[in-house]
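Enquirer: Predicted model and sequence below, questions to follow.
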Amino acid sequence: MSSRAFLPTTRDDLRVRGVSELDILIVTGDAYVDHPAFGPVLIARFLEGQGYRVGLIAQPDWSGPQDIARLGRPRLFVGVSAGNLDSMLNKLTAQKKVRSEDPYSPGGLPNARPNRATLVYANLCRQAFPGLPVVLGGIEASLRRIAHYDYWSDQVRRSILLDAKADLLVFGMGERAALEIARRLSAGEPVGHLTDIRGTAHVLSRRDWQPLALAPSRTPSDRRVVVLPSFESVCGDLKAFASMTRAFQYETSPHNGRPLLQVHGDQAVYLNPPSLPLEEADMDALYDLPFVRKPHPGYRSERIAAFETVHHALVTMRGCFGGCTFCSITEHEGRVIQSRSEDSVLREVRALTRLEGFKGTVSDVGGPTANMYKMRCVDEAIERACRRLSCIHPKVCDNLGTDHQPLIQLLRRVRQVPGVRNVFVASGVRYDLAERSPEFVRELALHHTGGQLSVAPEHTSPEVLGKMRKPSIEHYERFSELFCKASHDAGKDQYLVPYFIVGHPGSTLQDTLELALYLKKHGLRPRQVQEFIPTPMAVATCMYHTGLDPLTGEPLYVARDLREKRMMKALLFYWDQESWPLAREALHKIGRSDRIGRGPECLVPPDWGATRTGHRPLRR
Ligand code: SF4
């Protein structure tokens, strides 16, 4: 594949295209894979499709500004993104250990991007192109747009916009905002005038923020600015931090979210309301862009794991109305589901079948949640006014359209495309929605499960699930029954793989023991258990940091000790001999040694060696 099909990344690429100057440069912390699943590339291709000359610099050398400057100074602005993940999450585990592999780098190279990549790249851009507007975007910038708790430094940090000294920050899905920035800068407007673009934030001086702070919004119907507790107050006061999180949560709707202001010393960050959701035609147009669907040829044959996951997968929608507290998809992609048309997805399937190496298997048809495709509030006026944080918690809203027919129909058509032999659903399935459609569960079991289907009940305790904003375990059980029956009827030997989280705020060792006993009773042996990671701006991160539920103000238990979290994990690995010493330690700690033994009510066997010698079991 010629590199001409890709976005320009070198001076030679510009020369070959006869381009003397770019309009926009995008810098990303991920490898350059020309695929819509790579966010900064999606934005770059989108802007190119709107007629701008766009270049891309992936994983630049950050020892100096030369690499970032290699395509020359662009005419309008430079867009900076850390990549598809927060760079700290990409680097470090829940146990704060360095990850051995970066799935977004060629060959899994773990050091291809700096820590806090957005800050480092923005600094280099300012050095390389003095006076050029610098615009931040992507997950890292979006989820650090106000003061936030940073798990890896165990500190409350300022809005990333102030630390990066950038001109603008685009939050959420950035197409509309990026296009408006490009158009207005191209029309000659100074960047300092771009203060009213939805989905963007900018910095105000004291002179400009003081009048706004003196006339804040008092009621949801009052459209004036909502003043969040200042950075200084949320640093020192846990209740103020919780109240900031609560206020922020209620302003994330694109339809009724109000502007936000947060003072940091003499300056303030001003956030316009979120961007409006894309319409179906806009979504289709995005996926019709000329993606090569391959890593840049400069990487030769180095493996990029994140690309392999999406290479033969289809994204049908974006957004999530679930509002799980440990996840930030709702804060980033929005609560309104934005779906592609069937025809658009089918065009992509046909393109997939023509790809070299495609052997007939579509590895996924989904998005953040596979079965939210085309689901929406039944009434647009109600949706516009609604200020609920989740459409499905604590129960599925009566106004939510939960019809699975559009998805069933789409999957049927994908299966019929010549050259397609298997179509899997690997994205998460919301089982509290799926159980409403036995027909969907039958189709899922019969056609779209490759032996195992991953689902995420996350826990069994009603209290912990309440803190997570997840449905009760009875929903999982009903779905499991439907799925197993449908698999049996189809003559297929397949099963569910449930995922669980340990260490979520509100969960104790005792809760984890109850979960482990449930797993044992049902013959479930989880192979993967996620340790809760407090990622920036999630509601659960606020719980972790403050020990408070920001929505109720109630105190809750938080497992902060890394060893305690390892003990929780060991309890769920009750079937694994390696985990027994730590599981026994956990049981002793909570006074439940009665669960150590050989009986069916016991979780792990006794340590015979320790019993005979009188020594404590070895610690891992
Ligand atoms: S009314 Fe119900 S379905 Fe509609 S947006 Fe609000 S919570 Fe969601």
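Expert: Looks like it came in fine.
Enquirer: Contact partners for the closest residue to residue 531 other than its chain neighbours?
Expert: Distances taken as Cβ to Cβ, 6 or more residues apart in numbering put residue 94 closest to residue 531, at 3.7 Å, once the chain neighbours are dropped. Quick note: C-beta positions are derived from backbone N, CA and C, even for glycine. Shown in contact with residue 94 (Cβ atoms under 8 Å, 6 or more residues apart in numbering): 503, 530, 531, 532, 533, 565.
Enquirer: One more: residue 475?
Expert: Contacts here follow Cβ under 8 Å, 6+ apart; on that basis residue 475 touches 431, 432, 435.
Enquirer: hang on, the last one packs against residue 483?
Expert: So the one you mean is residue 435. No - Residue 435 lies out of contact with residue 483 (Cβ atoms under 8 Å); the separation is 9.4 Å.
Enquirer: Between these two, which contacts overlap?
Expert: Among the neighbours of residue 435, those also in contact with residue 483 (Cβ under 8 Å, 6+ apart) are residue 441.
Enquirer: If you count surrounding residues, which of the two has more?
Expert: residue 483 (24 against 21; other Cβ atoms under 10 Å).
Enquirer: Let me see the contact set for that one.
Expert: 441, 444, 445, 453, 496.
Enquirer: which one of these sits closest to the ligand?
Expert: Here the nearest of the contacts of residue 483 to the ligand, counting by Cβ to the nearest ligand atom, is residue 441; it sits at 22.1 Å.
Enquirer: what's around that closest one, how many residues?
Expert: Neighbours of residue 441 under the rule other Cβ under 10 Å: 26.
Enquirer: quick check, it in a helix?
Expert: Yes - assessed by DSSP: H, G, I helix; E, B strand; the rest coil, residue 441 belongs to a helix.
Enquirer: For the ligand, see how far away the residue nearest to it when sequence neighbours are not counted is.
Expert: Distances taken as Cβ to Cβ, 6+ apart put residue 482 closest to residue 441, at 4.5 Å, once the chain neighbours are dropped. Here the criterion is Cβ to the nearest ligand atom, to the nearest Å. By it, residue 482 lies 24 Å from the ligand.
Enquirer: What is the burial count for residue 482?
Expert: A count of nearby residues for residue 482, using other Cβ under 10 Å, gives 20.
Enquirer: Then the one 10 residues further on?
Expert: Around residue 492 sit 14 other residues, with neighbours defined as other Cβ under 10 Å.
Enquirer: ok, it touching residue 446?
Expert: Yes - contact criterion Cβ under 8 Å: residue 492 and residue 446 qualify, at 7.4 Å.
Enquirer: one step back: make a markdown table out of the contacts of residue 475 and add secondary structure and distance to residue 113.
Expert: Shown next, in a markdown table, are these (DSSP: H, G, I helix; E, B strand; the rest coil; distance: Cβ to Cβ, whole Å):
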| residue | secondary structure | distance to residue 113 |
| --- | --- | --- |
| 431 | helix | 36 |
| 432 | helix | 37 |
| 435 | coil | 41 |
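Enquirer: Out of these, which comes closest to residue 573?
Expert: In terms of Cβ to Cβ, no member of those lies closer to residue 573 than residue 431, at 23.8 Å.
Enquirer: so the closest one makes contact with residue 471?
Expert: Yes - between residue 431 and residue 471 there is a contact under Cβ under 8 Å: 7.5 Å.
Enquirer: Can you pull the residues of the stretch 201-350 of the chain lying near the ligand?
Expert: Contact residues, the stretch 201-350 of the chain versus the ligand (Cβ under 6 Å from any ligand atom): residue 321.
Enquirer: Minimum distance to the ligand, which residue of the stretch 201-350 of the chain gives it?
Expert: Evaluated by Cβ to the nearest ligand atom, the stretch 201-350 of the chain has residue 321 as its residue closest to the ligand, separated by 5.9 Å.
Enquirer: Look at that residue and give its secondary structure.
Expert: Residue 321 falls in the coil class when you classify it by three-state DSSP.
Enquirer: That one contacts residue 336, correct?
Expert: Yes - at 7.5 Å, residue 321 and residue 336 qualify as touching, with contact defined as Cβ under 8 Å.
Enquirer: what about the longest helix in the protein?
Expert: Secondary structure of the chain read by DSSP state H shows that its longest helix is helix 473-489.
Enquirer: Tell me the helix or strand right after that helix.
Expert: strand 495-502 (DSSP states H and E).
Enquirer: mind listing what's buried in the following helix or strand past that next one?
Expert: Moving toward the C-terminus from strand 495-502, the first helix or strand encountered (DSSP H and E) is helix 509-521. Within helix 509-521, the residues that count as buried by 16 or more other Cβ atoms under 10 Å are 509, 511, 512, 513, 514, 515, 516, 517, 518, 519, 520.
Enquirer: and the second one, how far is that from the ligand?
Expert: In other words, residue 511. Distance check for residue 511 against the ligand: by Cβ to the nearest ligand atom, it reads 28 Å.
Enquirer: Just give the nearest non-adjacent residue to residue 517, would you?
Expert: Skipping the residues right next to it in sequence, residue 517 comes nearest to residue 603 by Cβ to Cβ, 6+ apart, at 6.5 Å.
Enquirer: Assess the claim that the one you found and residue 596 are in contact.
Expert: Yes - using Cβ under 8 Å, residue 603 is in contact with residue 596, at 7.2 Å.
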